[in-house]
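>>> for reference, the sequence and a predicted model appear below.
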Amino acid sequence: MTARLSPRLLRPATVVLTFIAALAVFWLLSRDSGAPAGGAEARREAALPVPTPGESTDARIRDLQRLAAAAPNDARGPTQLGFAYLQKVRETGDAAFYGKAQGVIGDALRLAPRDPAALTAAGTLALARHDFRGALVLGRRARAAAPDSLQSAPVLVDANVELGRYRDAGRVLQTFVDEKPTLAAYARVSYYKELHGDLPGALDAMRLAVSSGGDTAENVAYVQTLLGNLDLQTGRVGAADAAYRAALARFRGYPPAAAGIAAVAAARGRLAEAARGYRDVVSRLPLPQYVFALGEVELAAGRGSQARQDLALVGAEERLLRANGVNVDVDLALFEANHGSSARAVTLARRAWASSPSVRSADALGWALTRAGHPRGGLAWARRSLVLGSRDPSFLHHAGMSALAAGRRDLARTWLARSLADNPRWSPLYAPQARRALARIGG
């Protein structure tokens, strides 16, 4: 079954390590360029270790390390090892694996500077570090080296989306899903539709991604978790809970799914249970999005002192990510706007927009400006964040509060109501804030 992109989504234009960049690694174990290998190519491919069902990423890394050592002049071993290291980041959150990936991918490019797989691996690493302009350059080089291959498609789609080039992303994505309707393609279709406010279409595409299966248990658990996120955004709390539990059954202890279970508890008003769940996730994987969620649940529960202690972890994680080459300006801008220095939030958000002019960075800049006392400027950027028709409740909440601060009660009423329309309990901290604001303006 092929998921068509609706033409209306191709008009000109969720914590976080961006979803679209994370998706790039779904291509990591596949050496299929979109056409069957034959002759000498097939014989060369046969030399590469093929992942077996249930094989761990650690076992895959050991196999590829042996291959790279046995064939030091062959770029394929270090290329695939680089992809495996990126998969390890996904599974553990250990940013040190970015450095390992960079080392072996660099080796591959020195051996074969125009190899499309090595260029795709380099582009995938750039996406993971949120270097979207660099990723686009590498994706284009990979496509030029193999114009009939789909190998570069994930990098091109993801980079174009994060750079606000939505038409270009849509064109590549349509070809990708038409010719290679797999987990990687369907998951991108889902995100593209979500960005454009088509939540039913996003849910349908993500269900197709889950049913398509993947090369590793983590990949399937990840899209099951994303399905849970969409269910939760649309107020289907029970369905979200089931999706997260399916992900945990697929990949035991999976932190994104465990965080989803905590989010379900928060949506059901069980804040103490939600805090325990987030705290367990943070103890194992202290990524900023989980620390934010924990701190905000604590604030919603009236435990301000504990929340401040929890949110202090963000600084240490920021330094670790930056030390490993990861750009986290958008996420930190939102954190500073909500919990820190509004002036620093504006600086970070402007820098984020300069490097990746997407709706995400427009939202961050609009909210930072509003929190810094410049609501008219904030409102202008909030409009830009909603230009695709997003139904993201945080975008709508920021836009509504910016409009209210700028004296546009009509817009505030509309956007704040929309932020609560799909799931009135989307956030234990900000949904009540939206309701209080609506009550003040008679919404």
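It's in.

>>> list the contacts for residue 439?
With C-beta atoms under 8 Å, 6 or more residues apart in numbering as the criterion, no residue contacts residue 439. To be clear about C-beta, it is placed using only N, CA and C from the backbone, and glycine gets the same treatment.

>>> residue 334 too?
Applying C-beta under 8 Å, 6+ apart, we find residue 334 in contact with 15, 345, 364, 367-368.

>>> give the next helix or strand downstream of the one helix or strand residue 219 maps to.
Using DSSP states H and E, residue 219 sits within helix 217-233. The first helix or strand that comes after helix 217-233 along the chain, using DSSP H and E, is helix 237-250.

>>> quick check: angle from whichever helix or strand comes after that next one to helix 217-233?
Downstream of helix 237-250, the first helix or strand assigned by DSSP H and E is helix 255-267. Relative orientation of helix 255-267 and helix 217-233, computed by axes from the mean of the first three to the mean of the last three C-alpha atoms, to 10 degrees: 20 degrees.

>>> where does pLDDT dip in the protein?
1-54, 443 (pLDDT under 70).

>>> 80 - rerun?
Applying pLDDT under 80 to the chain flags the ranges 1-55, 214-216, 443.

>>> how many residues are close by residue 134?
Per other C-beta atoms under 10 Å, the neighbour tally for residue 134 reads 17.

>>> hmm, it is touching residue 126, no?
Yes: if you go by C-beta atoms under 8 Å, residue 134 and residue 126 touch, sitting 4.2 Å apart.

>>> which other helices and strands contact the helix or strand harbouring residue 305?
For residue 305, the host element (DSSP H and E) is helix 304-311. Helix 304-311 sits against helix 288-300, with contacts defined as 3 or more C-beta pairs under 8 Å, 6 or more residues apart in numbering; DSSP states H and E.

>>> what residues does the helix it packs on touch?
The contact list for helix 288-300, computed with C-beta under 8 Å, 6+ apart, reads 15-17, 255, 259, 262-263, 266, 271, 274-275, 278-279, 281-282, 304, 306-308, 310-311, 313-314, 317-318, 321, 328, 331-332, 335, 339, 427-430, 432.

>>> derive a PyMOL selection command for the buried subset of these.
Command for PyMOL that selects the buried part of the contacts of helix 288-300, burial taken from 16 or more other C-beta atoms under 10 Å:
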select buried, resi 15+16+17+255+259+262+263+266+271+274+275+278+279+281+282+306+307+310+311+313+314+317+318+321+328+331+332+335+339+427+428+429+430
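
>>> C-terminal to the helix holding residue 305, what's the next element?
Downstream of helix 304-311, the first helix or strand assigned by DSSP H and E is helix 313-323.

>>> what about that following helix, distance to the chain center?
Its chain's average C-alpha position is 18 Å from that of helix 313-323, according to C-alpha atoms, centre = their mean, to the nearest Å.

>>> now do it against helix 288-300, angle only.
Per the same axes, to 10 degrees, the angle that helix 313-323 makes with helix 288-300 is 170 degrees.

>>> after helix 313-323, next one along is what?
Counting by DSSP H and E, the element after helix 313-323 in chain order, helix or strand, is helix 329-339.

>>> following element in sequence after that next one, please.
Toward the C-terminus, helix 329-339 is succeeded by helix 342-355 as the next helix or strand (DSSP H and E).

>>> output the contacting helices and strands for that following helix.
When contacts are defined as 3+ C-beta pairs under 8 Å, 6+ apart, helix 342-355 packs onto helix 329-339, helix 359-371.

>>> so for residue 230, which of these sits nearest?
helix 359-371 (17.0 Å; C-beta to C-beta).

>>> where's the closest residue to residue 162 other than its chain neighbours relative to residue 144, distance?
Leaving aside its sequence neighbours, residue 162 sits nearest to residue 132 (C-beta to C-beta, 6 or more residues apart in numbering; 4.2 Å). Note on residue 132: its distance to residue 144, by C-beta to C-beta, to the nearest Å, is 19 Å.

>>> contacts for the helix holding residue 305 next, please.
279, 282, 291-292, 294-296, 298-299, 335, 339.

>>> run the last query once more with 6 Å
With C-beta atoms under 6 Å, 6 or more residues apart in numbering as the test, helix 304-311 has contacts from 294-295, 298-299, 339.

>>> mind putting these in CSV, distance to residue 404 included?
Shown next, in CSV, are those (distance: C-beta to C-beta, whole Å):
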residue, distance to residue 404
294, 28
295, 24
298, 26
299, 21
339, 20
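
>>> circling back: winner for burial among the helices and strands packed on helix 342-355?
Between those, helix 359-371 has the highest mean count of neighbours, a mean of 27, where neighbours are mean count of other C-beta atoms under 10 Å.

>>> could you export that one as CSV, CA atoms only?
What follows is helix 359-371, C-alpha atoms only, in CSV (Å, rounded to 0.1, in the frame of the first residue of the first chain):
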residue,chain,number,x,y,z
VAL,A,359,8.5,26.3,12.0
ARG,A,360,10.1,24.9,15.1
SER,A,361,12.7,27.7,15.3
ALA,A,362,10.0,30.3,14.5
ASP,A,363,8.0,29.0,17.4
ALA,A,364,11.0,29.2,19.7
LEU,A,365,11.9,32.8,18.6
GLY,A,366,8.3,34.0,18.9
TRP,A,367,8.0,32.6,22.4
ALA,A,368,11.4,33.9,23.5
LEU,A,369,10.5,37.4,22.3
THR,A,370,7.2,37.4,24.1
ARG,A,371,8.8,36.2,27.3
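
>>> what packs against that helix?
Under the contact criterion of 3 or more C-beta pairs under 6 Å, 6 or more residues apart in numbering; DSSP states H and E, helix 359-371 touches helix 329-339, helix 342-355, helix 375-385, helix 393-405.

>>> make JSON lines out of these and add distance to residue 187.
Below are the helices and strands packed on helix 359-371 laid out as JSON lines (distance: least, C-beta to C-beta, whole Å):
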{"stretch": "helix 329-339", "distance to residue 187": "21"}
{"stretch": "helix 342-355", "distance to residue 187": "24"}
{"stretch": "helix 375-385", "distance to residue 187": "23"}
{"stretch": "helix 393-405", "distance to residue 187": "21"}
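
>>> so residue 262 versus residue 354, what's the distance?
If you measure residue 262 against residue 354 using C-beta to C-beta, the figure is 34 Å.

>>> what about the closest residue to residue 397 other than its chain neighbours, distance to residue 413?
Computed as C-beta to C-beta, 6+ apart, the closest residue to residue 397 that is not its neighbour in sequence is residue 419, at 4.4 Å. As judged by C-beta to C-beta, residue 419 and residue 413 stand 11 Å apart.

>>> these two: who's more crowded?
Neighbours were counted for residue 419 and for residue 413 using other C-beta under 10 Å; residue 419 has more, 30 against 18.

>>> these two touch, right, the more buried one and residue 393?
Yes: counting by C-beta atoms under 6 Å, residue 393 is a contact partner of residue 419 at 4.5 Å.

>>> what's in contact with the host helix or strand of residue 276?
Here residue 276, judged by DSSP H and E, is contained in helix 271-284. With C-beta under 6 Å, 6+ apart as the test, helix 271-284 has contacts from 255, 258-259, 261-262, 265-266, 290-291, 293-294, 297-298, 300-301.
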